[in-house]
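Chemist: From the sequence below, what's the structure:
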Amino acid sequence: MGNRYLIKPKHKGYVTTELICDFCKGIFWESKSSAKKKKRHFCSTDCYSNFRKFYMPKEEHSRYGTGFNIKERNKRIKTRSILNHAIRDGKIIRKVCEICGKKAEAHHNNYDKPLDVKWFCFEHHREYHNENPKLMVER
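Modeler: Modelled structure (predicted):
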């Protein structure tokens with residue numbers, strides 16, 4: 001998240017704060033009241049777009065699921081929800097990446113088995129899908 005560490009004098013009736021862009025790590029200024037309302041801070045719309053493309057979960061992309069029919073999309077959403085609830089309730093413990101040992105995210109090989117997952121970090125999960133493109137197409 002953006003770090004606030006310097007307050008600029010009042011300009012045009014409001015106080016501005018120096019922030020660090022969450023994507024490019026560049027420094028920019030934003031009104032203090034506006035900065036308080038946001039969790040993440042970006043210096044431009046390009047940085048925001050690139051952040052969403054590279055770091056946001058696929059489900060939060062605006063075109064997510066357009067390649068699958070509604071039944072398949074709903075099954076995938078339900079499966080992820082079941083897994084997230086199991087993690088929240090302590091039935092499943094989130095593990096580390098099977099390859100490197102970093103913090104991991106779950107990968108479903110079969111959406112009919114919501115609790116049967118492999119654990120990969122962000123980088124290795126993307127590599128796994130790039131090496132297995134058939135996982136990304138509709139079955």
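Chemist: Please read off the pLDDT at the residue lying closest to R76 once chain neighbours are set aside from the model.
Modeler: Using C-beta to C-beta, 6 or more residues apart in numbering and skipping residues adjacent in sequence, the residue nearest R76 is Y111, 5.4 Å away. Backbone N, C-alpha and C define where each C-beta goes, glycine included. On the pLDDT scale, Y111 is placed at 92.
Chemist: Doesn't Y111 lie inside a helix?
Modeler: No. Per DSSP: H, G, I helix; E, B strand; the rest coil, Y111 lies outside any helix segment and is coil.
Chemist: Show me this structure divided up by domain.
Modeler: Using automatic domain parsing, the domain parsing of the chain gives 6-55, 60-135.
Chemist: Mean neighbour count for the ones you listed - can I get that in CSV?
Modeler: Shown next, in CSV, are the domains of the chain (neighbours: other C-beta atoms under 10 Å):
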stretch, mean neighbour count
domain 6-55, 14
domain 60-135, 13
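Chemist: worst average pLDDT in those domains?
Modeler: The weakest mean pLDDT among the domains of the chain belongs to domain 6-55, with a mean of 79.
Chemist: Any idea what I27 is bridged to?
Modeler: Per DSSP bridges, the residues bridged to I27 are I20.
Chemist: L19 versus that one, what's the distance?
Modeler: To L19, I27 is 7 Å away according to C-beta to C-beta, to the nearest Å.
Chemist: cool, I99 as well?
Modeler: 34 Å.
Chemist: quick one, phi/psi of the residue nearest the centre of the chain?
Modeler: Centroid-nearest residue in the chain: M56, 2.7 Å away (criterion: C-alpha atoms, centre = their mean). Per-residue torsions, M56: phi -80, psi 150 (degrees, to the nearest 10).
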